[in-house]
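Novice: Dropping the sequence and predicted coords here.
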Amino acid sequence: MREVARGGCAVRRTYTVHVRPNENSWSLSVYGLNGGRAEVAVLDQVEAVARTLIALALNLPADAFDLAVQVLADAGTDWFHPVVTGLRPTEMRGTG
């Protein structure tokens, strides 16, 4: 989580979301948020699910903070891929 001063009067937080591939889904965890874990079927669901997790856990509006999404390499492989929406983990294998 990072706090950024805007105009010297308000602070807007940025939460980092780590995304890792599973067999048929993506696991996401929100850095610094206890219980901030979920799974999604495709990458384009990450932002909405992460915003919901954070908003519910902290009782904030879902647009009250920013997200930084990082797709991390699978522990058993050496590939890394930028966020590409609509793909399932099995479609990413061997593309790195």
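Specialist: Received the coordinates, thanks. Numbering: from 1, shown residues only.
Novice: Give the next helix or strand downstream of the strand ranked longest in the chain.
Specialist: For the chain, the strand that runs over the most residues, judged by DSSP state E, is strand 10-21. Next helix or strand after strand 10-21 toward the C-terminus (DSSP states H and E): strand 26-30.
Novice: Now that following strand: average pLDDT?
Specialist: Mean per-residue pLDDT for strand 26-30: 93.
Novice: ditto for stretch 61-81
Specialist: The average pLDDT within stretch 61-81 is 75.
Novice: which of the residues in stretch 19-31 are buried?
Specialist: For stretch 19-31, a neighbour-count test (16 or more other CB atoms under 10 Å) marks Val19, Pro21, Ser25, Trp26, Leu28, Ser29, Val30 as buried. C-beta coordinates here come from the backbone N, C-alpha and C atoms, glycine included.
Novice: From start to finish, how long is that stretch in a straight line?
Specialist: 11 Å (CA to CA, to the nearest Å).
Novice: For the longest strand of the chain, name the packing helices and strands.
Specialist: Secondary-structure packing of strand 10-21 (3 or more CB pairs under 8 Å, 6 or more residues apart in numbering; DSSP states H and E): strand 2-6, strand 26-30, helix 46-58, strand 66-71.
Novice: partners of that strand in the sheet?
Specialist: Applying DSSP bridges to the sheet, strand 10-21 is found paired with strand 2-6 (antiparallel), strand 26-30 (antiparallel), strand 66-71 (parallel).
Novice: Give me the angle between it and helix 46-58.
Specialist: 120 degrees (axes from the mean of the first three to the mean of the last three CA atoms, to 10 degrees).
Novice: which of the buried residues of stretch 19-31 lies closest to Ala38?
Specialist: Minimum distance to Ala38 across those is 5.5 Å, recorded for Leu28 (CB to CB).
Novice: Closest to Val49 out of the buried residues of stretch 19-31?
Specialist: Closest to Val49, out of all of the buried residues of stretch 19-31 and judged by CB to CB, is Leu28, at 6.7 Å.
Novice: who's the closest one bridged to?
Specialist: For Leu28, the beta-bridge partners are Val19, Ala38 (DSSP bridges).
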